[in-house]
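S.K.: Sequence first, then the predicted structure, then my questions.
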Amino acid sequence: MKKILITGGAGYIGGYLTDILIKTGHDVTVYDNLFFETRYLKDVNFIHGSICDYKKINKILNLDFDVVVWLAAIVGDGACSANPDLTLNTNFEAVKNLVNNFNKKVIFMSTCSVYGHSNEELNENSEKKPLSLYAKSKVLSEDYIISSINDYCIFRLGTLFGIGDQLSRIRLDLVVNILTTKAALGEKLKVFGGSQWRPLLHVRDVAHAVNFSIKNDVKGIYNLSYKNYKIIELAESILDSFNENKKSLEITEHLFEDSRNYRVSSTKMHSLGWEPKYKLIDGIKQIKKVIEENRIKNTNDIIYSNANYMKEFYK
């Protein structure tokens, strides 16, 4: 049994991760400022606080934890651009504080966005070409962790999809979840360009990878993805799951505002024995179910979009 602190544990990834770690016998504490939440009801040790409140979190870090899983961050290009100073303070300066005040295992969530744009399949040694403040903040944090401590595990996550646990926040601003929601609402799927590659990963498989890394004392940097897809392939797969023909798909050939284009190899992580448990269709079915059963009152509510919520909060 490990004593584990999860920062940002009330969020999209943290909900299912908390469940998995408790189920496997660990002593878990969640530290979160509930930025996107109005309440937190999960039955787990909980401390309300910001990772930028160094006085508070440094006291927490001294409570003899074996592992810190660092999920807390401002996530996504649009969300980070809403307040650049806050982004750097949250995504980099707070990570520096962690590294300078905790000397045991750190599991850090980075992003495959650090690769930016490439036509080749990329591995962990490939050149980093961050195109956004979000990606740049993660590169800064990666570099600081690597140069400062030995016991770390950094996961560069693919684009997430699906639903985690039953209590935590759902995100509808991720490409698979966006397109599935539109299809479930009977809307035409509009794809800009469509040839861009994305590595995909079910949100629950992040949790399983973290649990695997703790159990097997995994160290180093790892790409984490299920499979690489072109955006157009995603749209077609979603329409197939709704038995819709291609007339429901509209392709616009003008330049896509998001210039990221990358495929990654997760062979390094797979070689250790980890394999993703969830496929694309699993995430599609999850989102399809909650939308068709009207379990989400307003899919346009800004709470389901990191960027829209941040822009409204800091306008």
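M.R.: Cool, the structure landed.
S.K.: Identify the residues contacting the residue lying closest to Ala79 once chain neighbours are set aside.
M.R.: Once flanking residues are discounted, Ala79 sits nearest to Asn306: 3.9 Å by Cβ to Cβ, 6 or more residues apart in numbering. C-beta here means a position set from N, CA and C on the backbone, and glycine is covered the same way. Residues near Asn306 by Cβ atoms under 8 Å, 6 or more residues apart in numbering: 74-76, 78-79, 171, 173.
S.K.: Quick one: the helices in the stretch 101-250 of the chain, in order.
M.R.: Here the stretch 101-250 of the chain has its helices, by DSSP state H, counting those that start in this stretch, at 133-148, 175-184, 203-215, 231-241.
S.K.: Mind giving me the packing neighbours of the third one?
M.R.: Think helix 203-215. With contacts defined as 3 or more Cβ pairs under 8 Å, 6 or more residues apart in numbering; DSSP states H and E, the packing partners of helix 203-215 are helix 14-23, strand 105-111, strand 152-157, strand 159-161, strand 220-224.
S.K.: Tell me which of those lies nearest to Phe192.
M.R.: Evaluated over the helices and strands packed on helix 203-215, closeness to Phe192 peaks at strand 159-161, with 15.5 Å, by Cβ to Cβ.
S.K.: which residues touch the closest one?
M.R.: 12-13, 112, 171, 174-177, 198-203, 206, 280, 283, 287.
S.K.: Just the buried subset of these, please.
M.R.: Buried by 16 or more other Cβ atoms under 10 Å: 12-13, 112, 171, 174-177, 198-203, 206, 280, 283, 287, out of the contacts of strand 159-161.
S.K.: about what we covered before: between the helices of the stretch 101-250 of the chain, which one is closest to Val28.
M.R.: helix 203-215 (11.0 Å).
S.K.: Now do the buried residues in the closest one.
M.R.: Under the neighbour-count criterion of 16+ other Cβ under 10 Å, helix 203-215 has 203-214 buried.
S.K.: average pLDDT across it?
M.R.: Mean pLDDT, helix 203-215: 98.
S.K.: Any buried residues in stretch 294-301, and which?
M.R.: Residues of stretch 294-301 classed as buried: 296, 299 (neighbour count, 16+ other Cβ under 10 Å).
S.K.: Thr252 - how many residues pack around it?
M.R.: Burial measure for Thr252: 11 neighbouring residues, criterion other Cβ atoms under 10 Å.
S.K.: again but with Lys289, I slipped
M.R.: By the criterion of other Cβ under 10 Å, Lys289 has 12 neighbours.
S.K.: so what's the spatially closest residue to Asp66 that is not a sequence neighbour up against?
M.R.: Of all residues beyond its chain neighbours, the one nearest Asp66 is Lys2 (4.4 Å), with distances taken as Cβ to Cβ, 6+ apart. The contact partners of Lys2, by Cβ under 8 Å, 6+ apart, come to 26-27, 66-67, 214.
S.K.: Likewise for Asn101?
M.R.: 58, 61-62.
S.K.: Then Ser132?
M.R.: Contacts of Ser132 (Cβ under 8 Å, 6+ apart): 77, 80-81, 113.
S.K.: Distance check, Tyr144 against Leu5.
M.R.: Distance, Tyr144 to Leu5, by Cβ to Cβ, to the nearest Å: 19 Å.
S.K.: no wait, Lys297
M.R.: Remark: distance between Lys297 and Leu5 (Cβ to Cβ) = 34 Å.
S.K.: and stretch 293-301, C-alpha only, in PDB?
M.R.: The C-alpha coordinates for stretch 293-301 follow below in PDB (Å, rounded to 0.1, in the frame of the first residue of the first chain):
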ATOM      1  CA  GLU A 293     -30.900   9.700 -22.500                       C
ATOM      2  CA  ASN A 294     -30.900  13.500 -21.900                       C
ATOM      3  CA  ARG A 295     -28.600  13.100 -18.900                       C
ATOM      4  CA  ILE A 296     -26.900  16.400 -19.700                       C
ATOM      5  CA  LYS A 297     -29.300  19.300 -19.500                       C
ATOM      6  CA  ASN A 298     -27.400  21.700 -21.600                       C
ATOM      7  CA  THR A 299     -24.400  20.400 -23.700                       C
ATOM      8  CA  ASN A 300     -23.400  24.000 -24.500                       C
ATOM      9  CA  ASP A 301     -22.900  24.900 -20.800                       C
END
